[in-house]
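Participant: Pasting the sequence and the predicted model now:
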Protein chains: 2
Amino acid sequence: MVQTSSADASPNLRALLSRRALDLPDAPRLDNTEDVATRISFVYGFPDPESLPAAEVAAAAASVLEKNGRWALQYGDTAGYRGLMEALLAKLERDQGITAGRENMIVTAGGSQAMQLVLDALVDWGDTVITEAPTWLGAVQAFRNVGAEVVSVPVDGQGTDTGALERALVRLRDAGIQPKLIYVISNFQNPSGISTSVERRRRILELAREHGTLILEDDAYFDLRYEGASLPPIYALDDGASTMYLGTLSKTMGAGMRLGWLLAPPAVIGRLTALKIDGGTNVFGAHVAAEWLPDHLDAHVRELREIYRRRRDVMLASLERHMPAGTTWTRPEGGFFVWVTLPPGVDTTRMLPQACERGVEYLPGATCYADERGRDQLRLSFSFAADDTIDAGIGIIAEIAKGELSEAGRS
Amino acid sequence: MVQTSSADASPNLRALLSRRALDLPDAPRLDNTEDVATRISFVYGFPDPESLPAAEVAAAAASVLEKNGRWALQYGDTAGYRGLMEALLAKLERDQGITAGRENMIVTAGGSQAMQLVLDALVDWGDTVITEAPTWLGAVQAFRNVGAEVVSVPVDGQGTDTGALERALVRLRDAGIQPKLIYVISNFQNPSGISTSVERRRRILELAREHGTLILEDDAYFDLRYEGASLPPIYALDDGASTMYLGTLSKTMGAGMRLGWLLAPPAVIGRLTALKIDGGTNVFGAHVAAEWLPDHLDAHVRELREIYRRRRDVMLASLERHMPAGTTWTRPEGGFFVWVTLPPGVDTTRMLPQACERGVEYLPGATCYADERGRDQLRLSFSFAADDTIDAGIGIIAEIAKGELSEAGRS
């Protein structure tokens, strides 16, 4: 039983690791983040660096530290700083049409901690979750980390394919399997850019109720709509019993705040707060955000919409200009992402090193699926790269794709 | 299989919860934190509110947002902001005598996220961990949340009882059980206030190596030593293969920063960063801390030592003055806590409501054990309550204890 190897007194790490950790890649998801500024980067859902409200945040920080430094620098409530919760609830009511109270809310370190807490509270190793495919790559990794069996439902031009969702739910029921949650990104889906129609949103809710499961609705991009009318979140269509609603300040105030939230039934919030032993989420940042939010968020979001609408349009025009015949892409009404499907014979994972060598990066489609699909697809984020670099970047990707196609033609 | 209850379309939550969440208390660990200021509070390990460096933090925030707002408000590396890592590594080398590189470090949301990540990476439901008893109540809860079987080793006047630790390890080996980690708080242990001797630290390391397990050394209070010479952390005695070393800025710069770190072998750090899907830990706060740390931490810590040494002495004198005969307590050389053992017949959990009613609060001893012990004990934190309130608070606790004792005598 002694696990020490005699050479260096190192324990045998594999004998100590949990199932979650045993087969992990030995690399972080984000590393050398600041290096993306040296490339034309379409890879991450990073907000535009030029428009981050640094001066306003500095003023808010100075103000809260003067008024209330003794609590901004102290431990805080596990569920979140009340001042921030109240500011967020007021915003959610005004913009999203969501009526909720503090008993429905937990403040988290970005949307990702909310996702992790939900998985910890619902998923045992081997449990089943339902997700859209393609979906957010962080979710793909988080599901794998907790050992979830992932059932994928496609996204079409109207969003989540609710026919496929129903068939999946019925099949699971017939097999005696209770799915723990249905993960959907209702607006400007990551990575497809597609929003799920209101009719489909209602149908997802009906199906969740019928099958006794919970919806985890990720709405990170709600505020960033560049055209068309806002759609009500599933949470707002629900009576509050079946939907968990995840949001974040990452795409508006700034990702560096690492502040997100989850709305959920109070019984769920209770479990999540009991699991969240962290001394309060980013108490200092939460005080600063609470100070900044009421007077600045709305104006800032209006500015961001202009910036991102313009970048989206530049990117769509560049795709039109450069991409090989047979390529298709989505035309998002908001958010950060265009989803590109290349003609048969192109492998976007294999293309990536060539693109990186030429100073351009994108997200290969395969990272957005829990199974082996997406090799002919890629996600382009138009949020981070400056306007005047987008066309050159798309041109390079198109050239590489054309090279792949002509090689595929020859072989 | 349909789990919907017909009355309100609420799913049957118990059918959806994971083992982690099923039997949780339906309450957060920290709630209404700001209310502690309305009481004489000896309950939490909260830093002194008056001495938090609010003005310096405001200046640091203004400076980083001006110089580098585009990265302070952006997503960051999963392992942590490099500027902060470098500042922390320099501090650890200077003060703790620890030589480590960035490959050994992960920045976390306080020490508690580091603890959670370590448990996620090492502990499957039913796995065994070894801990001191009594220990930090957050650890007691975190172990329970992940379903760990807890083997407790007592703390005596020299710290971790290494004889008992050896017997526990041998017993586990004989039973074919591989303990996943040994959790120790080497300095001014929470809650006992006792530091483990250097000889014992070396012995813990030998035993961990012999039994192929890892040490999780929690050293949250290292900087706050009020007398005696610093002792080398176990991590500094190790060649780096068997020890994980957890630290925090919560007790020095301010708990509201929610910044801590873990040092560990690079193979462990790799797994933790792959599990930590969070967009970087508190990127804004990390930039502010990196700006503040090099020029301010040392002077600030010197001030804090004066404040807390004085409070400790006030508390020890008050205990001497008020406590009933037969009461014993520890005399910590640093940290925040005095650990009190009352005479037989007193139940500190039962006493607590009376104390709260009279405006005083403390931590009942039973919360610091994974089993049913500690009912005659309590933890007093001298860090938070103002100097001139300590004597009155201790007087009230002593009166209640005396009342309990005379009732116990009568019955």
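Facilitator: Yep, it's here. Numbering: from 1, shown residues only, chains lettered A, B, ... in the order given.
Participant: does the helix or strand that contains A:Leu65 come close to chain B?
Facilitator: Element membership for A:Leu65 (DSSP states H and E) is helix A:54-72. Yes. Judged by C-beta under 8 Å from any C-beta of the partner chain, helix A:54-72 comes into contact with chain B at A:54-55, A:57-58, A:61-62, A:65-66, A:69-72. (Each C-beta comes from the backbone N, C-alpha and C, glycine too.)
Participant: same thing with stretch A:365-373?
Facilitator: No. Interface with chain B: stretch A:365-373 contributes nothing (C-beta under 8 Å from any C-beta), its closest point being 12.9 Å away.
Participant: mind checking the end-to-end distance for that stretch?
Facilitator: 8 Å (C-alpha to C-alpha, to the nearest Å).
Participant: need the residues of the stretch 251-400 of chain A near chain B, please.
Facilitator: Checking the stretch 251-400 of chain A against chain B by C-beta under 8 Å from any C-beta, the hits are A:253-258, A:265, A:267-268, A:270-271, A:273-285, A:287-288.
Participant: try 6 Å
Facilitator: A:254-258, A:267, A:270-271, A:273-275, A:277-279, A:282-285 (C-beta under 6 Å from any C-beta of the partner chain).
Participant: For chain A, give me the ranges with low pLDDT.
Facilitator: For chain A, the stretches flagged by pLDDT under 70 are A:1-9, A:26.
Participant: center of chain A - which residue?
Facilitator: A:Trp136 (5.2 Å; C-alpha atoms, centre = their mean).
Participant: I'd say that one and A:Gln189 touch.
Facilitator: No. Between A:Trp136 and A:Gln189 there is no contact under C-beta atoms under 6 Å: 8.6 Å.
Participant: Identify the contacts common to these two.
Facilitator: Residues touching both A:Trp136 and A:Gln189 (C-beta atoms under 6 Å, 6 or more residues apart in numbering or on different chains): none.
Participant: end to end, how far does stretch A:44-60 reach?
Facilitator: 28 Å.
Participant: And the contacts of that stretch?
Facilitator: Under the contact criterion C-beta under 6 Å, 6+ apart, stretch A:44-60 has outside partners A:251, A:254-255, A:288, A:291-292, A:296, A:300, A:307, A:336, A:381, A:383-384, B:61-62, B:65, B:69-70, B:73, B:75.
Participant: anything in stretch A:199-208 near chain B?
Facilitator: No. On the criterion C-beta under 6 Å from any C-beta, stretch A:199-208 is out of touch with chain B, staying 7.7 Å away.
Participant: Which positions within that stretch qualify as buried?
Facilitator: A:200-201, A:203-205, A:207-208 (16 or more other C-beta atoms under 10 Å in any protein chain shown).
Participant: Also stretch A:266-275?
Facilitator: A:268-275.
Participant: who's in contact with that stretch?
Facilitator: Against stretch A:266-275 from outside (C-beta under 6 Å, 6+ apart): A:78-79, A:103, A:106, A:117, A:120-121, B:13, B:21, B:24-26, B:28, B:145.
Participant: mind saving the C-alpha coords of that stretch as CSV?
Facilitator: The C-alpha trace of stretch A:266-275 is given here as CSV (Å, rounded to 0.1, in the frame of the first residue of the first chain):
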residue,chain,number,x,y,z
PRO,A,266,-35.2,29.5,-3.2
ALA,A,267,-34.8,25.8,-2.4
VAL,A,268,-32.1,25.6,-5.0
ILE,A,269,-30.4,28.8,-3.9
GLY,A,270,-30.3,27.4,-0.3
ARG,A,271,-28.4,24.4,-1.5
LEU,A,272,-26.0,26.4,-3.6
THR,A,273,-25.2,28.8,-0.8
ALA,A,274,-24.5,25.9,1.6
LEU,A,275,-22.1,24.4,-1.0
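Participant: quick check, distance from that stretch to the centre of its chain.
Facilitator: Mean-position distance between stretch A:266-275 and its chain equals 22 Å (C-alpha atoms, centre = their mean, to the nearest Å).
Participant: just to revisit the earlier point, buried ones among the contacts of stretch A:44-60?
Facilitator: Buried among the contacts of stretch A:44-60 (16+ other C-beta under 10 Å): A:251, A:254-255, A:288, A:291-292, A:296, A:300, A:307, A:336, A:381, A:383-384, B:61-62, B:65, B:69-70, B:73, B:75.
Participant: Now intersect these with the helices, please.
Facilitator: A:288, A:291-292, A:296, A:300, A:307, B:61-62, B:65, B:69-70 (DSSP state H).
Participant: okay if I get the residues you listed as JSON lines plus distance to A:Tyr221?
Facilitator: Listed next are those as JSON lines, based on distance: C-beta to C-beta, whole Å:
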{"residue": "A:Val288", "distance to A:Tyr221": "23"}
{"residue": "A:Glu291", "distance to A:Tyr221": "24"}
{"residue": "A:Trp292", "distance to A:Tyr221": "20"}
{"residue": "A:His296", "distance to A:Tyr221": "19"}
{"residue": "A:His300", "distance to A:Tyr221": "15"}
{"residue": "A:Ile307", "distance to A:Tyr221": "14"}
{"residue": "B:Ala61", "distance to A:Tyr221": "28"}
{"residue": "B:Ala62", "distance to A:Tyr221": "30"}
{"residue": "B:Leu65", "distance to A:Tyr221": "25"}
{"residue": "B:Gly69", "distance to A:Tyr221": "23"}
{"residue": "B:Arg70", "distance to A:Tyr221": "21"}
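Participant: next SSE after the helix holding A:Leu65?
Facilitator: Per DSSP H and E, the first helix or strand lying C-terminal to helix A:54-72 is helix A:82-91.
Participant: Stretch A:118-138 and chain B, any residue contact?
Facilitator: Yes. Using C-beta under 6 Å from any C-beta, we find that stretch A:118-138 touches chain B at A:120-124, A:138.
Participant: gap between A:Val123 and A:Gly212?
Facilitator: Note on A:Val123: its distance to A:Gly212, by C-beta to C-beta, to the nearest Å, is 16 Å.
Participant: same thing with A:Ala148?
Facilitator: A:Ala148 sits 18 Å away from A:Gly212, going by C-beta to C-beta.
Participant: again with A:Arg102
Facilitator: Look at A:Arg102 and A:Gly212: by C-beta to C-beta, they are 27 Å apart.
Participant: Those two - which one has more neighbours?
Facilitator: A:Gly212 (23 against 16; other C-beta atoms under 10 Å in any protein chain shown).
Participant: Look through chain A and tell me its longest strand.
Facilitator: Taking DSSP state E as the criterion, chain A has its longest strand at strand A:149-156.
Participant: Show me what counts as buried in that strand.
Facilitator: Applying a neighbour-count criterion of 16+ other C-beta under 10 Å, one finds A:149-153, A:155 buried in strand A:149-156.
Participant: partners of it, with directions?
Facilitator: Next to strand A:149-156 in the sheet, as set by DSSP bridges, lie strand A:128-133 (parallel), strand A:159-160 (antiparallel).
Participant: Is it possible to get a markdown table of those strands that adds distance to B:Asp313 and mean neighbour count?
Facilitator: Converted to a markdown table, those look like this (distance: least, C-beta to C-beta, whole Å; neighbours: other C-beta atoms under 10 Å in any protein chain shown):
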| stretch | distance to B:Asp313 | mean neighbour count |
| --- | --- | --- |
| strand A:128-133 | 56 | 24 |
| strand A:159-160 | 64 | 26 |
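Participant: can you redo those as JSON lines with distance to B:Pro353?
Facilitator: Shown next, in JSON lines, are the strands paired with strand A:149-156 (distance: least, C-beta to C-beta, whole Å):
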{"stretch": "strand A:128-133", "distance to B:Pro353": "43"}
{"stretch": "strand A:159-160", "distance to B:Pro353": "51"}
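Participant: helix, strand or coil for the residue in the stretch 201-350 of chain A that chain B sits nearest to?
Facilitator: Of all residues in the stretch 201-350 of chain A, the one sitting closest to chain B is A:Gly212 (2.5 Å; C-beta to the nearest C-beta). Of the three states, A:Gly212 takes coil under DSSP: H, G, I helix; E, B strand; the rest coil.
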